[in-house]
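Asks: attaching a predicted model along with its sequence, questions to come.
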Amino acid sequence: MDDAIDNFIFHLRAERNLAKNSVQAYSRDLASFAECVQDKAPSEIAPDDITAFMAQQLDEGISSRSLARKLSAIRGLFKFLRVSGDIKRDPTKLVDSPRYGKRIPEVLTLDEVESLLAAPDRSVPEGLRDHAMLETLYATGLRVSELVNLQQRELDTRAGIVRVVGKGGKQRIVPVGQMALEALDSYVSTARGTLLASSGGPGSTPYLFVTRRGGPMTRQNFWKRLMGYVEKCEIEKDVSPHKLRHSFATHLLERGADLRILQTMLGHADIGTTQIYTHVAQARLKQLHVDFHPRA
């Protein structure tokens, strides 16, 4: 089983060109499955082995959504083995997926967003950088991995766009608003060079958002800094970089943005993924009606 998983992971990374985070998620999910079935070879796995694994996971408190993700990884593995001729039958064909309802993501209000964007101290280089990152994140709806991997050449300030390399190496063009462009200009023209002064200067790295160590900002470091700004603003919500992406999408839809255009900006392969934001917008409108209509 370990060899089969290794071959599948190599296929995901080298042939399907999946993002690093996706490959790591597949590896973790399949490792837990391999531990459950122990020494059984892939050809010996039966549907009962998979349902037993699912039951074990539920007993350990895993959510239905996480369990569905694990089952998707297992299905992918056995489909790969079936196509490559390593097994004659796919045991996942007789296993039902767990049912779960669509979870509507919580978003920030406009006031909360404004407060968060204003939180960094723009009198220091790190603050100018963080302000530019937050403005860009909210202006474009990028994933945090896409944000930290942005390179200078992918930002076109004259056209007001960024060229983003998303999941699976797919590229898309996303517009950047005027306020984010101004924040980016302030950061690039002053703070970026200062941050890289001891590491070879502005041309020493192609990455747009950098640290004093000379390398790109990491997801983990940005998350920690974001948490500091959330605490500073006293926002009583579970805020993450992804929540700014949710807020970007919801606020656009509330103001009449076309769903297909939003799908393109977010880099969703399936329109069904984008449609969750219509539910968010509807739920928020209903709550506004309850809060402010005199006969609600």
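Replies: Thanks, I have the structure now.
Asks: quick one: the strands in this structure?
Replies: For the chain, applying DSSP state E gives strands covering 155-156, 161-165, 171-175.
Asks: the second one vs strand 171-175, what angle?
Replies: Strand 161-165 and strand 171-175 meet at an angle of 150 degrees, taking axes from the mean of the first three to the mean of the last three Cα atoms, to 10 degrees as the criterion.
Asks: relative to strand 161-165, what are the paired strands and their orientations?
Replies: strand 155-156 (antiparallel), strand 171-175 (antiparallel) (DSSP bridges).
Asks: ok, and what's touching the last one?
Replies: Counting by Cβ atoms under 8 Å, 6 or more residues apart in numbering, the neighbours of strand 171-175 from elsewhere in the structure are 140-142, 160-166, 264-265, 267. For the C-beta atoms, the positions are set from N, CA and C on the backbone; glycine is no exception.
Asks: could you pull out the helices for the stretch 151-296 of the chain?
Replies: 178-186, 192-195, 219-233, 241-254, 259-266, 271-274, 276-292 (DSSP state H, counting those that start in this stretch).
Asks: do you know which of those lies nearest residue 119?
Replies: Smallest distance to residue 119 across the helices of the stretch 151-296 of the chain (Cβ to Cβ): 3.9 Å, for helix 219-233.
Asks: go through the closest one and flag the buried ones.
Replies: By neighbour count on 16 or more other Cβ atoms under 10 Å, the buried set for helix 219-233 is 219, 222, 225, 226, 229, 230, 233.
Asks: and if you look at stretch 177-192?
Replies: Result for stretch 177-192 [16+ other Cβ under 10 Å]: buried residues 180, 181, 183, 184, 186, 187, 188, 191, 192.
Asks: so what's the first one up against?
Replies: I take that to be residue 180. Contacts of residue 180 by Cβ under 8 Å, 6+ apart are 132, 135, 136, 138, 139, 140.
Asks: format the residues you listed as TSV; extra columns: neighbour count and pLDDT.
Replies: Listed next are the contacts of residue 180 as TSV, based on neighbours: other Cβ atoms under 10 Å; pLDDT from 0 to 100:
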residue	neighbour count	pLDDT
132	25	97
135	22	97
136	26	96
138	22	94
139	23	93
140	24	93
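Asks: in helices only, show me those.
Replies: Taking DSSP state H, the ones among the contacts of residue 180 that sit in helices are 132, 135, 136, 138, 139, 140.
Asks: ok, and the closest non-adjacent residue to the third one?
Replies: This means residue 136. residue 180 (5.1 Å; Cβ to Cβ, 6 or more residues apart in numbering).
Asks: could you check how far the one you found is from residue 142?
Replies: 11 Å (Cβ to Cβ, to the nearest Å).
Asks: give me the common contacts of these two.
Replies: residue 136.
Asks: one step back: so which of the ones in helices among the contacts of residue 180 is the closest to residue 215?
Replies: residue 132 (17.1 Å).
Asks: picking that back up, whichever of the contacts of strand 171-175 end up buried, select them in ChimeraX.
Replies: Here is the ChimeraX command that selects the buried residues among those (16+ other Cβ under 10 Å):
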select :140,141,142,161,162,164,165,166,265,267
